[in-house]
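Colleague: just the structure for this:
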Amino acid sequence: MGAALYWAEGSRGGRFCVTNSDPHFILFMTRWLERIFNIPPNNLRAWLNIYSQQSDVELKEFWSDLTGIPGQFWEKLHKAYKFRL
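Modeller: Residues are numbered from 1 along each chain as shown. Okay, the predicted model is just below:
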């Protein structure tokens, strides 16, 4: 199952990377990596893409609690700003 999800949602580059905003998907992938490949969450790195009106502190805490990836391993934070034409 994990391999099929990675095939659908994973990167095609040289790194193992998945992009998704569904908490169930991200939780499944972190658990899959731990169970199948013995990669614990504290060996993972994560990035957040958020909108300017969202709280980076709250979202980091939410995703860290969900995945078990410690807060200091959230390397990048990208804020998207809404532009009006």
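Colleague: now do the buried residues in the longest helix anywhere in the chain.
Modeller: The longest helix of the chain (DSSP state H) is helix 23-37. For helix 23-37, the neighbour count (16 or more other C-beta atoms under 10 Å) marks 26, 28-30, 32-33 as buried. The way it works is simple: take the backbone N, C-alpha and C, and place the C-beta from them, glycine included.
Colleague: kindly report the same for stretch 38-58.
Modeller: For stretch 38-58, by 16+ other C-beta under 10 Å, it's 41, 44, 46, 48.
Colleague: going by distance to Glu58, which of those residues wins?
Modeller: Leu48 (10.9 Å; C-beta to C-beta).
Colleague: run a quick neighbour tally on Trp74.
Modeller: 19 (other C-beta atoms under 10 Å).
Colleague: quick one: residues contacting it.
Modeller: Applying C-beta atoms under 8 Å, 6 or more residues apart in numbering, we find Trp74 in contact with 45-48, 60, 63-64.
Colleague: among those, which are located in strands?
Modeller: Judged by DSSP state E, the contacts of Trp74 include 46-48 as members of strands.
Colleague: surely Pro41 meets Arg31?
Modeller: No - contact criterion C-beta atoms under 8 Å: Pro41 and Arg31 do not qualify, at 9.0 Å.
Colleague: how far does the longest helix of the chain sit from its chain's centre?
Modeller: 10 Å (C-alpha atoms, centre = their mean, to the nearest Å).
Colleague: average pLDDT for it?
Modeller: In this model, helix 23-37 has a mean pLDDT of 89.
Colleague: cool, stretch 53-70 as well?
Modeller: Mean pLDDT, computed over stretch 53-70, is 88.
Colleague: next up, phi/psi of Ile50, please.
Modeller: In terms of degrees, to the nearest 10, the main-chain angles of Ile50 are phi -130, psi 160.
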